[in-house]
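>>> model this:
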Amino acid sequence: MIRRSTWITLALFIVLAGAAYGATRYKNQHGQADTTPSATPIEIATFTMNDVVGVEIHGPDQTVILRRPDPKAEWQVVQPAPQGNEFADQQRITSALYSLAAPSVLTTLDATSDLHTLGLDKPTYIIKVRLKDGKTWQMNVGNETPIQSGYYAQVGQQIVVVDKYTLSNVLDLLQTPPLATPIPTPTQAATPTSTPAPAAPSPTPTP
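Next up, the predicted model:
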């Protein structure tokens with residue numbers, strides 16, 4: 001007959017063994033999670049904003065061409081040509097250039113993807129960035145994705161999906177070119193001069 005103390009010892013051993021197994025499993029699971037590499041941002045731009053001296057955006061019905069003599073100069077709108085007192089909207093151009101230099105890429109696709117299905121065999125939009133070293137960076141833009149969260153795009157041999165907001169910031173320049181007009185300075189209205197009321201006639205004395 002097994003003594004009571006032996007049963008107690010055996011039960012204690014089982015409890016300790018279970019606790020050790022659970023601790024080891026927990027450590028292994030969390031250790032693997034901690035060592036899992038984080039997602040690396042996908043980079044397709046090979047330039048910075050300070051490298052750019054020209055941008056061309058070609059669409060189905062419109063083309064916008066921007067130039068500056070050097071990266072420290074202000075942008076000029078070459079096409080469409082400014083009219084009257086229009087001038088280049090530096091803020092909109094800088095915002096669009098930032099989107100090109102740091103585009104938000106949602107995913108990459110296989111290089112053997114069907115370009116016709118993606119709309120990249122005959123791109124809807126072609127964006128060319130001219131750099132100060134004479135090189136040109138080009139992005140071809142095709143169809144929107146089925147859920148309309150981005151556009152299919154191709155840079156060299158790389159095919160990606162670029163966030164819709166990122167490209168909309170650039171493509172909007174085709175619909176509304178980055179031209180602005182001076183805000184008129186309000187003129188102060190002349191204060192009307194009040195005319196004094198005529199004095200009441202003196203009463204005529206009664207004889």
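
>>> and the longest strand for this structure?
In the chain, assigned by DSSP state E, the strand with the most residues is strand 136-144.

>>> and that strand, what's its mean pLDDT?
Mean per-residue pLDDT for strand 136-144: 97.

>>> Name the strands paired with it and say parallel or antiparallel.
Sheet pairing of strand 136-144 (DSSP bridges) gives strand 125-131 (antiparallel), strand 150-155 (antiparallel).

>>> Please enumerate the helices of this structure.
4-35, 90-101, 115-118, 164-175 (DSSP state H).

>>> Which of the ones you listed comes out lowest on mean pLDDT?
Across the helices of the chain, helix 4-35 has the smallest mean pLDDT, namely a mean of 47.

>>> if we can go back for a sec, just name the most buried of the strands paired with strand 136-144.
Mean neighbour count (mean count of other Cβ atoms under 10 Å) peaks for strand 150-155 among the strands paired with strand 136-144, with a mean of 22. For the C-beta atoms, the positions are set from N, CA and C on the backbone; glycine is no exception.

>>> got the angle for it vs helix 164-175?
Per axes from the mean of the first three to the mean of the last three Cα atoms, to 10 degrees, the angle that strand 150-155 makes with helix 164-175 is 80 degrees.

>>> residues in contact with strand 150-155?
By Cβ atoms under 8 Å, 6 or more residues apart in numbering, the residues outside strand 150-155 that reach it are 44, 106, 109, 115, 118-120, 123, 137-145, 159-164, 167.

>>> May I see the ChimeraX selection of the buried members of the residues you listed?
In ChimeraX, this line selects whichever of the contacts of strand 150-155 come out buried by 16 or more other Cβ atoms under 10 Å:
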select :44,106,109,115,118,119,120,123,137,139,140,141,142,144,145,159,160,161,162,163,164,167
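
>>> before we move on, back to that, to T94, which of the strands paired with strand 136-144 lies closest?
Minimum separation from T94 across those (Cβ to Cβ) falls at strand 125-131, 13.8 Å.

>>> The closest one - what's its average pLDDT?
The average pLDDT for strand 125-131 rounds to 98.

>>> would you put the C-alpha positions of it in PDB?
C-alpha atoms of strand 125-131 as PDB (Å, rounded to 0.1, in the frame of the first residue of the first chain):
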ATOM      1  CA  TYR A 125      -0.500  58.900 -65.900                       C
ATOM      2  CA  ILE A 126       3.200  59.300 -66.300                       C
ATOM      3  CA  ILE A 127       5.200  61.200 -63.700                       C
ATOM      4  CA  LYS A 128       8.800  62.200 -64.400                       C
ATOM      5  CA  VAL A 129      11.100  63.800 -61.800                       C
ATOM      6  CA  ARG A 130      14.200  65.500 -63.100                       C
ATOM      7  CA  LEU A 131      17.200  65.600 -60.800                       C
END
